[in-house]
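Chemist: Sharing a model prediction with you, sequence too.
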Amino acid sequence: MSKGKTVEVDISYYPRNGEVKKDDKGYYYDSSSGGKVLVTDAWYPDPDGTYMKLTHTPENAKIQNIYHSGNPLSGITDLGTHKSVSVYYWSLDETFENPLLIQLGDEYYIWSKSGTWTNDPGASNNLRGSLNKQNCERNKAHIVKISERVRSGGSTTYECPSGCGTRINLNNFSGSGLTFCTHSISSGSYYAPSFSVSGFINGNSWQAGLPSIRDSSSITVYFESKNNIPIVIDYQKGGEHWFRRNTKDNKTWTAVPKDQASGDKTEKLLNQNPYYLQITLDLSNPSGTYSDNGVSITVRNTPIGDDYYISRHSLCGGLFELKGVTHNDAPLTDIKSGEKLESVSAYYYGTDLKVDRLLRVELRSHNGDVHGHFYKSPKDNESMVLSKSSESSNTGILAGTSVGTGLGGAGLGALAVWKGPALIAKLIARL
């Protein structure tokens, strides 16, 4: 790092906005003070991705000041001793208007109503809790307790679990074999026109596969009448959206295609146990979302250093059955699984998601097992077929990445023909 060289960092810059450029190493912007600032994005928690974490790293320079949309931030100290600064936003804050937490090393800072940033010692031990509370205060996005209903003689409201103090209203309904409860918030003596949600809990367990919601009128939870178990959730936002619990006793949910939840199909959906969708993934899709079988698939690209990237395709924690895997609609025929999967990840060299840069494909199952397929050299890729017998056991997991003895027993050496040694070294370094 050059001695004395400093740059100004603006945490409102994010990948894919007008001021941020892209090269083979990723995203960057030119600081107003001169110099280059690299920007990487990640999601928290995994696999939900409720919050986005942006990390700003000056290239060969120290941090002089931190800005947001050109305005200096006060209260943050010891800037020059850190090589990077990270900032957390709600995933639905698409213009990155309300930063929730700023991280410098092991220190976290939160916004105060006076306009300054103050240290938050609790974030180190309970990052999600701090983010949830800040999200309530800055974006009015709350936590829904899906097991709550109006009990006989009980309260018709409950307090948002984030500790923000907001009361959430409950209204029970029953009829035609259905028992359900709506959750909404009030504004004075009137129901608020919109209700934003950052997460869902059942008892003390966070629910995965249920998305954050901005500006819905209410959330409706349907119960299995016999055991009073929350099974189906729906909400209105540009149309009706339905989600079904994968099984009665787990904490993962999957979106329901509209043709399976419309009209009088709700009762059938309640009784369909277990519930898993079969989906086909296209590994050529960039960061964002795409659709298959009537549901939205989320893609998140994460740099792991030295120009290597992981592109993860998932239902944000919801489990699914794998129907097939393609790259730009061409089938990758050897990728198969009979397990319930949480995600499928592709390792690429560089940010261009072309098939000749694809190194490895991983399948992560519901119990955390990871099975990997090594890709052949580009000259062998014409048929788009992965190496046979490349699915590994759990005996060779490296930093969440399993390396088996497929490819004719070659194991790790099978990647040596193309960028393999460097990728393996990178995986080992993450241990």
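Modeler: Received it, and whenever you're ready, just let me know what you need. Numbers count the residues shown, from 1 in each chain.
Chemist: any idea how far E159 is from F195?
Modeler: 15 Å (CB to CB, to the nearest Å). Every C-beta, even on glycine, is put in place using the N, C-alpha and C of the backbone.
Chemist: More neighbours: those two, which one.
Modeler: F195 (25 against 15; other CB atoms under 10 Å).
Chemist: From the centre of the chain, point out the most distant residue.
Modeler: G153 (39.5 Å; CA atoms, centre = their mean).
Chemist: now the end-to-end length of stretch 118-136.
Modeler: One end of stretch 118-136 sits 18 Å from the other (CA to CA, to the nearest Å).
Chemist: for stretch 205-224, same thing?
Modeler: Rule used - CA to CA; the end-to-end distance of stretch 205-224 is 19 Å.
Chemist: try stretch 34-54
Modeler: 20 Å.
Chemist: Buried residues, it. List them.
Modeler: Residues of stretch 34-54 classed as buried by neighbour count (16 or more other CB atoms under 10 Å): 35, 37-43, 46-54.
Chemist: And stretch 85-98, by the same measure?
Modeler: 85-93, 96.
Chemist: Output it as CSV - backbone C-alpha positions only.
Modeler: Provided in CSV are the C-alpha atoms of stretch 85-98 (Å, rounded to 0.1, in the frame of the first residue of the first chain):
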residue,chain,number,x,y,z
VAL,A,85,-15.2,-0.7,4.8
SER,A,86,-18.4,-2.8,4.6
VAL,A,87,-22.0,-1.6,4.7
TYR,A,88,-25.2,-3.5,5.2
TYR,A,89,-28.5,-2.7,3.4
TRP,A,90,-31.9,-4.4,3.3
SER,A,91,-32.1,-6.5,0.1
LEU,A,92,-35.3,-4.6,-0.9
ASP,A,93,-33.6,-1.2,-0.5
GLU,A,94,-32.9,-1.2,-4.2
THR,A,95,-31.5,2.3,-4.4
PHE,A,96,-29.3,1.7,-1.3
GLU,A,97,-30.8,4.8,0.4
ASN,A,98,-30.7,3.6,4.0
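Chemist: Residues touching it, excluding its own?
Modeler: 9, 11-12, 14, 17, 43-44, 49-56, 63, 66, 79, 99-104, 131, 135, 138-139, 141, 196, 198, 212-214 (CB atoms under 8 Å, 6 or more residues apart in numbering).
Chemist: Let's see that with 6 Å instead.
Modeler: For stretch 85-98, the surrounding residues in contact (CB atoms under 6 Å, 6 or more residues apart in numbering) are 9, 11-12, 14, 49-56, 99-104, 131, 135, 138-139, 212, 214.
Chemist: Over to stretch 111-129?
Modeler: Counting by CB under 6 Å, 6+ apart, residues outside stretch 111-129 touching it are 73-76, 108-110, 130.
Chemist: In PyMOL, select just the buried ones from these.
Modeler: Selection command for PyMOL covering only the buried members of the contacts of stretch 111-129, criterion 16+ other CB under 10 Å:
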select buried, resi 73+76+108+109+110+130
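Chemist: R167 versus the residue nearest to G165 when sequence neighbours are not counted, what's the distance?
Modeler: Distances taken as CB to CB, 6 or more residues apart in numbering put E159 closest to G165, at 6.8 Å, once the chain neighbours are dropped. Note on E159: its distance to R167, by CB to CB, is 6 Å.
Chemist: Ok, Y29 next?
Modeler: 42 Å.
Chemist: Between the two, which has more neighbouring residues?
Modeler: More crowded of Y29 and R167, by other CB under 10 Å: Y29, with 20 against 14.
Chemist: so how many other residues sit close to I304?
Modeler: Residues near I304, counting by other CB under 10 Å: 16.
Chemist: secondary structure class for it?
Modeler: strand (DSSP: H, G, I helix; E, B strand; the rest coil).
Chemist: what's across from Y308 in the sheet?
Modeler: For Y308, the residues forming beta bridges with it (DSSP bridges) are G305, Y349.
Chemist: re the thing from before, let's have the contacts of stretch 111-129 in CSV, adding distance to N246.
Modeler: Formatted as CSV, these follow (distance: CB to CB, whole Å):
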residue, distance to N246
L73, 42
S74, 47
G75, 44
I76, 42
Y108, 34
Y109, 38
I110, 35
S130, 29
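Chemist: Which of the contacts of stretch 111-129 fall in strands?
Modeler: 108-110 (DSSP state E).
Chemist: Do a quick rundown of the strands in the stretch 1-150 of the chain.
Modeler: Using DSSP state E, counting those that start in this stretch, the strands of the stretch 1-150 of the chain run over residues 6-10, 21-23, 26-30, 36-44, 51-58, 62-68, 71-72, 85-90, 101-104, 107-111, 117-119, 141-145.
Chemist: The longest one packs against which elements?
Modeler: What it means is strand 36-44. strand 26-30, strand 51-58, strand 295-305 (3 or more CB pairs under 6 Å, 6 or more residues apart in numbering; DSSP states H and E).
Chemist: So what angle separates the directions of it and strand 85-90?
Modeler: 40 degrees (axes from the mean of the first three to the mean of the last three CA atoms, to 10 degrees).
Chemist: now the last one
Modeler: Taking the same axes, to 10 degrees, one finds strand 141-145 and strand 85-90 inclined to each other by 60 degrees.
Chemist: Strand 141-145 pairs with which strands, and in what direction?
Modeler: Strand 141-145 is paired, per DSSP bridges, with strand 195-202 (parallel).
Chemist: just the angle between the partner strand and strand 51-58, please?
Modeler: Using the same axes, to 10 degrees: strand 195-202 against strand 51-58 is 110 degrees.
Chemist: Now G317. Nearest residue, chain neighbours left out?
Modeler: Nearest one to G317, counting by CB to CB, 6+ apart, is A208 at 2.6 Å.
Chemist: isn't that neighbour right next to T254, touching?
Modeler: No - with contacts counted by CB atoms under 6 Å, A208 stays clear of T254, the gap being 10.0 Å.
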